[in-house]
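Trainee: I would like the atomic coordinates for the input below:
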Amino acid sequence: IGASAPKLRVRESPVRGLEAVQKLSKGEVAIRVPRSLVLEITDLDAKPKDDLLLSALQWRELDWEGRLAATLLAVQKNTASISEHKKWFDSLPESYDEIP
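Mentor: Sure thing, here's the model as predicted:
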């Protein structure tokens, strides 16, 4: 089962993001994502599989941006076996006109 967001849609312009297509009530859950589909990079002890070529110590010393970059690079170089996230990684834009 994938994510569920019945009142949202992906918007591509002027920037990529989510947009409500129906009114959301205060406190209403807008999106549900199964934990198995979540890419966890903020938990210092939740280092992904060993194919990121980082030791557990190196993983803990990186900030969240560094952990995300290491994960993205490993997937791009096909050294990471994070196959459950491959579809998400493949959907990321390769460049942004707004960012030089």
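
Trainee: in contact with the residue nearest to Gln22 when sequence neighbours are not counted, which residues?
Mentor: Counting by Cβ to Cβ, 6 or more residues apart in numbering, the nearest residue to Gln22 once its immediate chain neighbours are dropped is Lys7, at 4.1 Å. Every C-beta, even on glycine, is put in place using the N, C-alpha and C of the backbone. By Cβ atoms under 8 Å, 6 or more residues apart in numbering, the contact list for Lys7 reads 20-24, 30.

Trainee: pick out the residue nearest the middle of this structure.
Mentor: Leu39 (5.4 Å; Cα atoms, centre = their mean).

Trainee: right, and it touches Ala70 too?
Mentor: No. In this structure, Leu39 is not within contact of Ala70 by Cβ atoms under 8 Å, at 11.9 Å.

Trainee: ok so, going back, pLDDT at the residue nearest to Gln22, what is it?
Mentor: Model confidence at Lys7, given as pLDDT, is 93.

Trainee: buried residues in the lengthiest helix in the chain?
Mentor: Identified as the longest helix of the chain according to DSSP state H is helix 64-76. Within helix 64-76, the residues that count as buried by 16 or more other Cβ atoms under 10 Å are 67, 70-71, 74-75.

Trainee: ok, now which ones touch Pro93?
Mentor: Contacts for Pro93 (Cβ under 8 Å, 6+ apart) come out as Arg16.

Trainee: what about it, distance to Ala56?
Mentor: Using Cβ to Cβ, to the nearest Å, Pro93 is found at 31 Å from Ala56.

Trainee: got it, and Ser36?
Mentor: Ser36 sits 22 Å away from Ala56, going by Cβ to Cβ.

Trainee: now do the strands in this protein.
Mentor: Secondary structure of the chain by DSSP state E: the strands cover 8-11, 17-20.

Trainee: what about this protein, any weak spots by pLDDT?
Mentor: 1, 44-52, 78-87, 96, 98-100 (pLDDT under 70).

Trainee: helices of that one, residue ranges please.
Mentor: Secondary structure of the chain (DSSP H): helices at 56-61, 64-76, 86-91.
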